[in-house]
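Undergrad: got a sequence here, can you model it:
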Amino acid sequence: IQAAGAVPIDVEKWGVDAFACGGLKWLMAPTGIGFLYLSGRLSNQLSTPDPGWLSVQDPWNLLQYDQPYKTDALRYESGVPNVPGLCGLKGSVELLLETGIESIYRQVLQSNLMLRDGLAAMGLNPYTCEDKERQSGILTFRLPEGIDPLLIKKALRDQQIYISVRDHKLRFSPHGYNSPEEIEAVVNATEMIFSSVS
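TA: Prediction:
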């Protein structure tokens, strides 16, 4: 959930057997929808612990109770599909693919570099890996002792800038749609707020 939609993912190249993701974050889909990828080698080894009416080969043959399960991952579908969520997820995935995940990732890394440099210049220490091969869209900063991160979060929210606080650290998560001008505004607003509380 912290990668799909912002970071290139290649399950086949990486040899991934299972990849589960919710759609509400970087995929920009509605809540309550997500997906599960299973490799053929893993899918064939798993049981179907909670089958639903769509798990069987002919779901509309409602009176045949001894039907075999589907042979693909659809046999894990336990209930009625979330049709509105599926439509929203489909729309967001189409937009992301049209834009290009590599292009989105470059923009996310550029935004994070601007944030890293701008906030480090005011004395905030990044608490995030600097290795480009291990970057995500999340950039976290430690605050000096005695500064309440919730005060900074609230002051930024008053300016319609939304961040998270995790473990007394500020967490920024720019996406591919954020412009350099917006990132600069975030840096300037954070600097002004930080200087007023430190």
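
Undergrad: for whichever helix or strand residue 196 is part of, what is the average pLDDT?
TA: Here residue 196, judged by DSSP states H and E, is contained in helix 180-197. The average of the pLDDT scores along helix 180-197 is 94.

Undergrad: what about the strands in the chain?
TA: In the chain, the strands defined using DSSP state E lie at 18-22, 34-38, 125-126, 139-142, 164-166, 169-172.

Undergrad: re earlier: what's the helix holding residue 196 in contact with?
TA: 110-111, 114-115, 118-119, 122, 124, 147-148, 151-152, 155-156, 159, 161, 170, 172, 174 (CB atoms under 8 Å, 6 or more residues apart in numbering). Where C-beta positions appear, they are placed from N, C-alpha and C, glycine not excepted.

Undergrad: can you show me the CA trace of that helix as PDB?
TA: Written as PDB, here are the backbone C-alpha positions of helix 180-197 (Å, rounded to 0.1, in the frame of the first residue of the first chain):
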ATOM      1  CA  PRO A 180       7.700  21.900  -7.600                       C
ATOM      2  CA  GLU A 181       5.800  25.100  -6.700                       C
ATOM      3  CA  GLU A 182       3.700  23.200  -4.200                       C
ATOM      4  CA  ILE A 183       6.700  21.600  -2.700                       C
ATOM      5  CA  GLU A 184       8.500  24.900  -2.400                       C
ATOM      6  CA  ALA A 185       5.300  26.300  -0.600                       C
ATOM      7  CA  VAL A 186       5.400  23.300   1.800                       C
ATOM      8  CA  VAL A 187       9.100  24.000   2.600                       C
ATOM      9  CA  ASN A 188       8.500  27.700   3.100                       C
ATOM     10  CA  ALA A 189       5.400  27.100   5.300                       C
ATOM     11  CA  THR A 190       7.300  24.500   7.400                       C
ATOM     12  CA  GLU A 191      10.200  26.800   7.800                       C
ATOM     13  CA  MET A 192       8.000  29.600   9.000                       C
ATOM     14  CA  ILE A 193       6.100  27.400  11.500                       C
ATOM     15  CA  PHE A 194       9.300  25.700  12.700                       C
ATOM     16  CA  SER A 195      11.000  29.000  13.400                       C
ATOM     17  CA  SER A 196       8.000  30.200  15.400                       C
ATOM     18  CA  VAL A 197       7.900  27.100  17.700                       C
END
